[in-house]
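Engineer: Sequence first, predicted coordinates after that:
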Protein chains: 2
Amino acid sequence: MDPYHSRTSGSWEAAERVDPVLHQGVAPGPLSKEQLERFDRDGYLALPGWFSEQEAAALLEACDALKVAHAGSDVVVAEPDSDVVRSVFKVHELHERLAALWQGERLAGVARQIVGSDVYVHQSRVNYKPALDGREFFWHSDFETWHVEDGMPRMRSVSASISLTPSTEFNGPLMLVPGSHRSYIRTVGETPPEHYKQSLRRQQIGVPDVDALSYLVERGGIVAPKGPAGTVVFFDCNTMHGSVGNLSPEPRTNLFFVLNSVENRLVEPFGGLPPRPEHIATRG
Amino acid sequence: MDPYHSRTSGSWEAAERVDPVLHQGVAPGPLSKEQLERFDRDGYLALPGWFSEQEAAALLEACDALKVAHAGSDVVVAEPDSDVVRSVFKVHELHERLAALWQGERLAGVARQIVGSDVYVHQSRVNYKPALDGREFFWHSDFETWHVEDGMPRMRSVSASISLTPSTEFNGPLMLVPGSHRSYIRTVGETPPEHYKQSLRRQQIGVPDVDALSYLVERGGIVAPKGPAGTVVFFDCNTMHGSVGNLSPEPRTNLFFVLNSVENRLVEPFGGLPPRPEHIATRG
C-alpha cells in the first residue's frame, strides 16, 4: 500500500515518515556537519546572508521583469480576491539569471548534499506579497500535494526559499513547524478536478485541520526566520509551513526552487486524477 | 471648519492633531511619570502582567459565557467568510465581572489620568481570533471612525486591550505604529449607509492607503507587544493599529474597553449619516 496515501479517509492521521531526511548521511558539500544535523533534526535550515543584498536586488529585478513580460499567461497566478499578481511559476526556464542561480553550489550543491544524488527543478516560482494586501499561505506540507496531485513517489526533495526583500516580523515571513517533517499528515477531503486553479490562490484541500496542526505544534512549536534580503531557508519537502498576510507598507518577495532527486522523478499522481500542468510540476 | 474632517476628498492627508495626548500633563494615578511620558511620546503603553493570569482566566470564562448567551443577537458579529464569532459588543453591560473590571483603578484610573476627567465606556467588546481562521483587522485609527460615524468631537479617549490568552508572535497580536497618534490621517472614500454592518467584519472605508501608512511607518516603525494572559496595552484613540490573522492552533481572545472623557460625549456624527447603534457607540 502507498505509505503516503492521503485524502483517503474521513479523519486525519499522523503517519510515520518512511524515508530518510539526509539520504547519504553527513555527505560533503556546502553545508557543515552541524548544519546538516540541524536540517535533519528540525526539517529546515535558515541561512541569513547566504546571498548578498546586491545579488538579491539583481534577482528581484529579474523577477519583476518576468511578471511584466508574462502578464496574462498561465504561469502568472493572481491573489484570491483581486488581479494582483501572487505568483509567477517556472521562472527557472524564463530567465537566464534564474537558471544560473539554481544550478550553483549554494542551491543545487546543498540539495545534492541532502538528497544524495543529482537534482532537477520540480517547481520554481516567485511569490509576491504586495504591501497591505498580500494574503496568507495556509499551513501545508508540500509533499502531500506533490505526492497526491503530481505523483512524486518519495520524500527526497528540498525547497529553497530566497528572500528578495528583508524578512521581518511584520511582512508575513515563512513560518515552519520544527520537526514536523518526521510526521506525514494524511489530510481529509476529496481532491476536486483541476484543483490547482483554485488551490494556488487559496489552498483549502490537502491542508491540516486544527487537531493535526496542534499535534505538530505541541511537539515542535513555530519558528519564522528573519533576515536581510538574500537570506535562504532550506526546508524538507514534508515540513509543515505557511505564512500570514503582509500588512506592512512594503511588498515582500520570495523566490522559491524545489530541487528533486533525479531518482525520485514523477510518476502518475497517487490521487488518481490527471497530473497538474508542466509549469507547476516538471514531468518532461 | 472641523479639524478632523475625513472621507471628504479624493486624496489622503496627514493633518496635525489639535488636542493634547495627556490632558492634564503628568497627573497623579496608577501610571508612573515615566510611563505617562512614554504614552505621550509613543501613543501606547504595554503593561505585561497588569492583570494576573488567574484574573485573565476568570474574564475569559465570563466572555465565553456571553458569547453563548447572546448568540444570534445584534451584539454578536461574525467573521467575514463564516458564522464563527469575531466580536461580542457591549460586554460591560452584559456581565457583572466585566462591569466591575473597567471601573477599577487599573483601567478607569489609568484612563482618568490620561484624559484628565471622569470617563465612561464609549465601546466595549471581546474580539475572538479563532485558531487557524481568525482574520485580520486592517490598519485603522479608531478616532477617525468614531468622529465620522459616531460623532466623537475630540481626541480625548483611551483604549485598553486586555489579552485573555497569551499574545505571541504567531497568534495575530495587536500591532501599533508608535508616534502615529500625532498625525490625523484623513482617509479617502465615501461612507455607505449602515457601513458598520460590513466594517465590523472587514473594514475597507476609513482605512489608510499604502502611502499614508508608509508615511507613518517610516517615522515610527511597527511594534507588536507580547506577553502572558493579563497583559494590557493602553493606546490613544488616534494611534494607527491593526493585526494579522491567527494561523496558530490556539484561539486568541482580547477584551477591549474604550474609555472616553465625560467632557467629550458624542454629538451628531461628523460624516452626516445617522449614528451607529448604541451597542457600538454609547450615546445614552
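Structural biologist: Sure, I can see it.

Engineer: ok, for A:His147, nearest residue in space, not its chain neighbours?
Structural biologist: A:Tyr4 (4.9 Å; C-beta to C-beta, 6 or more residues apart in numbering or on different chains). For the C-beta atoms, the positions are set from N, CA and C on the backbone; glycine is no exception.

Engineer: Please apply the same query to A:Ser82.
Structural biologist: A:Asp133 (7.1 Å).

Engineer: where does A:Gly242 fall, helix, sheet strand or coil?
Structural biologist: Under DSSP: H, G, I helix; E, B strand; the rest coil, A:Gly242 falls in the strand class.

Engineer: And for it, the neighbour number?
Structural biologist: Neighbourhood size, A:Gly242 [other C-beta atoms under 10 Å in any protein chain shown]: 21.

Engineer: for it, what are its contacts?
Structural biologist: A:Glu136, A:Phe137, A:Phe138, A:Trp139, A:His140, A:Met175, B:Leu247 (C-beta atoms under 8 Å, 6 or more residues apart in numbering or on different chains).

Engineer: Can you check those residues and name whichever has the most neighbours?
Structural biologist: Going by other C-beta under 10 Å, A:Trp139 tops the contacts of A:Gly242 with 28 neighbours.

Engineer: Which element, helix or strand, includes that residue?
Structural biologist: Element membership of A:Trp139 [criterion: DSSP states H and E] is strand A:137-140.

Engineer: which residues sit against the helix or strand that comes right after that strand?
Structural biologist: Note on strand A:137-140: by DSSP H and E, the next helix or strand toward the C-terminus is helix A:142-145. Residues from elsewhere that reach helix A:142-145 (C-beta under 8 Å, 6+ apart): A:4, A:6, A:152, A:155, A:157, A:159, A:184-185, A:187, A:199, A:206, A:237-238, A:241, A:258.

Engineer: Go through the residues you listed and flag which are in helices.
Structural biologist: Counting by DSSP state H, these place A:Ser199 in helices.

Engineer: From the contacts of helix A:142-145, which shows the smallest pLDDT?
Structural biologist: Ranked by pLDDT, the contacts of helix A:142-145 bottom out at A:Ser199, which scores 72.

Engineer: okay, now it: neighbour count?
Structural biologist: 20.

Engineer: do the same with A:Arg276
Structural biologist: Neighbour tally, A:Arg276, other C-beta under 10 Å: 23.

Engineer: ok, back up a step: please save the CA atoms from the strand holding A:Trp139 in PDB.
Structural biologist: Output of strand A:137-140 as PDB, limited to C-alpha atoms (Å, rounded to 0.1, in the frame of the first residue of the first chain):
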ATOM      1  CA  PHE A 137      -0.500  30.900   2.600                       C
ATOM      2  CA  PHE A 138      -2.300  28.400   4.800                       C
ATOM      3  CA  TRP A 139      -0.300  25.700   6.600                       C
ATOM      4  CA  HIS A 140       0.600  22.700   4.300                       C
END
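
Engineer: list the helices and strands it packs on?
Structural biologist: Packing partners of strand A:137-140 (3 or more C-beta pairs under 8 Å, 6 or more residues apart in numbering or on different chains; DSSP states H and E): strand A:241-243.

Engineer: how much distance is there from the strand it packs on to the middle of the chain?
Structural biologist: Distance, stretch centre to chain centre, for strand A:241-243: 9 Å (C-alpha atoms, centre = their mean, to the nearest Å).

Engineer: For the stretch 51-200 of chain A, which segments count as strands?
Structural biologist: Counting by DSSP state E, counting those that start in this stretch, the stretch 51-200 of chain A has strands at residues A:76-78, A:85-89, A:119-129, A:137-140, A:157-163, A:175-176, A:183-186.

Engineer: quick one: the last one to chain centroid distance?
Structural biologist: Taking the mean C-alpha point of strand A:183-186 and that of its whole chain, the gap between them comes to 16 Å (C-alpha atoms, centre = their mean).

Engineer: which other residues reach the helix or strand containing A:Phe235?
Structural biologist: Element membership for A:Phe235, per DSSP H and E: strand A:232-236. Residues outside strand A:232-236 that contact it (C-beta under 8 Å, 6+ apart) are A:21, A:39, A:43-47, A:50-51, A:106-107, A:110-111, A:114, A:155, A:158-163, A:174, A:176, A:181, A:225, A:241.

Engineer: which of these are buried?
Structural biologist: A:21, A:39, A:43-47, A:50-51, A:106-107, A:110-111, A:114, A:155, A:158-163, A:174, A:176, A:181, A:225, A:241 (16 or more other C-beta atoms under 10 Å in any protein chain shown).

Engineer: dump the residue contacts of A:Glu55.
Structural biologist: For A:Glu55, counting by C-beta under 8 Å, 6+ apart, the contacting residues are A:Gly230.

Engineer: Correct me if wrong: the residue nearest to A:Ser82 contacts A:Pro80.
Structural biologist: No - the pair A:Asp133 and A:Pro80 fails to qualify as a contact (C-beta atoms under 8 Å) at a distance of 10.4 Å.

Engineer: if we can go back for a sec, burial measure for the residue nearest to A:Ser82, as a count.
Structural biologist: 15.

Engineer: who touches it in this structure?
Structural biologist: If you count contacts by C-beta under 8 Å, 6+ apart, A:Asp133 has them with A:Glu79, A:Ser82, A:Val84, A:Gly245, A:Asn246.

Engineer: Spatially, which two of these are the most separated?
Structural biologist: A:Ser82 and A:Asn246 (13.7 Å; C-beta to C-beta).

Engineer: Settle it for me: which of these two has more neighbours?
Structural biologist: A:Asn246 (25 against 11).

Engineer: so how far is A:Asn254 from the more buried one?
Structural biologist: 11 Å (C-beta to C-beta, to the nearest Å).

Engineer: Show me which residues of the stretch 51-200 of chain A are close to chain B?
Structural biologist: Residues of the stretch 51-200 of chain A that fall close to chain B, judged by C-beta under 8 Å from any C-beta of the partner chain: A:Ala131, A:Leu132, A:Glu136, A:Phe138, A:Trp139, A:Glu169, A:Phe170, A:Gly172, A:Met175.

Engineer: The first one contacts A:Glu250, doesn't it?
Structural biologist: It refers to A:Ala131. Yes - counting by C-beta under 8 Å, A:Glu250 is a contact partner of A:Ala131 at 5.5 Å.

Engineer: How far off centre is the longest helix anywhere in chain A?
Structural biologist: For chain A, the longest helix by residue count, based on DSSP H, is helix A:53-69. Distance of helix A:53-69 from its chain centroid, counting by C-alpha atoms, centre = their mean, is 19 Å.

Engineer: A:Pro178 and B:Thr239, how far apart?
Structural biologist: Counting by C-beta to C-beta, the gap from A:Pro178 to B:Thr239 is 35 Å.

Engineer: the more surrounded of the two?
Structural biologist: Using other C-beta under 10 Å as the criterion, A:Pro178 and B:Thr239 rank with B:Thr239 on top: 27 against 19.

Engineer: contacting residues around that one?
Structural biologist: B:Thr239 neighbours (C-beta under 8 Å, 6+ apart): B:Gly43, B:Tyr44, B:Ser141, B:Leu176, B:Val177, B:Ser180, B:His181.

Engineer: Distance check, the fourth one against chain A.
Structural biologist: Just to be clear, that refers to B:Leu176. 11 Å (C-beta to the nearest C-beta, to the nearest Å).

Engineer: thinking again about what came up before, what's the closest of the residues of the stretch 51-200 of chain A next to chain B to A:Leu66?
Structural biologist: Set against A:Leu66, the nearest of those by C-beta to C-beta is A:Ala131 (19.8 Å).
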